[in-house]
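Enquirer: mind looking at a prediction? Sequence and model below.
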Amino acid sequence: MPNKRFLELAKRLGNEELPKERTKKEIEKEIPKQSKKIDGFYDLVKENTYALAVDKIRNKTRINNPEFAKDSGSKIYRPLTFKETIEAKVNDYNSGKTDEERKRLFETWIDSCTGVCYKVGTTKFKIIPVCKELILIDKDFNESYLRENYDSLNGIELDSSDGKYNELLTKSEILNHPAWLEAVENDKALLRECRDIVLNLKPDAEKLMGFYARQNTNDDELRVLYVCNLVYGSGAYARSGLGNLGRLLSVAHRKNF
């Protein structure tokens, strides 16, 4: 709601029609949600930093990763979004012939090109499914986070003080968690299938798949959203530094095999 001082000023100017706050649907229209159906064989690209792993994807040839159009009009390969990564894990599990093959992508953590931006000094954050700043990150970048203006990035605003964050979740809590739903671009069927696989792989666990976010940061921070391994409950994490080890999925065309 508009604050009191702004309301008084509008009245003095004889204009009581105040700018309306944008609805969630209006904001969602501005967010580039370009996750695509990914088909192929999945290989892990491992590098010493996130930026080096992204650069390796950008410079690969003969892969089936989605393309990203730069401002110049040229196209490059990009890492998978968080949703595409979850879908790849599910597809790989369902197509595996042995138990080891089926669970291999669930036993490791995997980065994405989905960004999470934190608003300085608050518990508010935004999820950016196809994050241009991460896709175009300089290959020599070796810091914990990108310094990007929070208000300039399009994304649905969430608040980690409103709900369960930084802890494991029950079966029903996972499916209804606002951040998890935004991270998979509201594909509840995909989230349900992933959750059921994780529960099948960890049958004795009562809680899994937490959503882990930073709070009250000293700067506006842009970090990567990644999915963790089974040991840590296959949670969604957006707290690690970009200077840490990078691990992304490269998709190989099936016709090459």
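Expert: All right, it came through fine.

Enquirer: which SSE is immediately downstream of the helix or strand harbouring L52?
Expert: Assigned by DSSP states H and E, L52 falls within helix 50-58. Toward the C-terminus, helix 50-58 is succeeded by strand 67-69 as the next helix or strand (DSSP H and E).

Enquirer: any residues touching that next one, and which ones?
Expert: 75-78, 130, 132, 135 (C-beta atoms under 8 Å, 6 or more residues apart in numbering). Yep, even glycine has a C-beta here, placed from its N, CA and C like the rest.

Enquirer: the stretch 1-150 of the chain: strands as residue ranges?
Expert: For the stretch 1-150 of the chain, the strands defined by DSSP state E, counting those that start in this stretch cover 41-47, 67-69, 75-77, 115-118, 124-128.

Enquirer: could you single out the most deeply buried of those?
Expert: Most buried of the strands of the stretch 1-150 of the chain, by mean neighbour count (mean count of other C-beta atoms under 10 Å): strand 115-118, with a mean of 27.

Enquirer: and the helices in the stretch 151-257 of the chain?
Expert: Taking DSSP state H, counting those that start in this stretch, the helices of the stretch 151-257 of the chain run over residues 171-175, 178-183, 188-201.

Enquirer: check contacts around I197.
Expert: 89-90, 93, 106.

Enquirer: ok so, going back, in CSV, list the strands of the stretch 1-150 of the chain along with mean pLDDT and distance to L191.
Expert: Shown next, in CSV, are these (pLDDT from 0 to 100; distance: least, C-beta to C-beta, whole Å):
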stretch, mean pLDDT, distance to L191
strand 41-47, 94, 19
strand 67-69, 95, 25
strand 75-77, 97, 26
strand 115-118, 98, 17
strand 124-128, 98, 14
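
Enquirer: with distance to L168 as extra columns, can I get those strands in a markdown table?
Expert: A markdown table is the format used below for those (distance: least, C-beta to C-beta, whole Å):
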| stretch | distance to L168 |
| --- | --- |
| strand 41-47 | 25 |
| strand 67-69 | 34 |
| strand 75-77 | 35 |
| strand 115-118 | 19 |
| strand 124-128 | 20 |
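
Enquirer: closest one to N59 among the ones you listed?
Expert: strand 75-77 (8.1 Å; C-beta to C-beta).

Enquirer: same for that closest one, what does it pack against?
Expert: Packed against strand 75-77 by the contact rule (3 or more C-beta pairs under 8 Å, 6 or more residues apart in numbering; DSSP states H and E) you find helix 50-58, strand 67-69.
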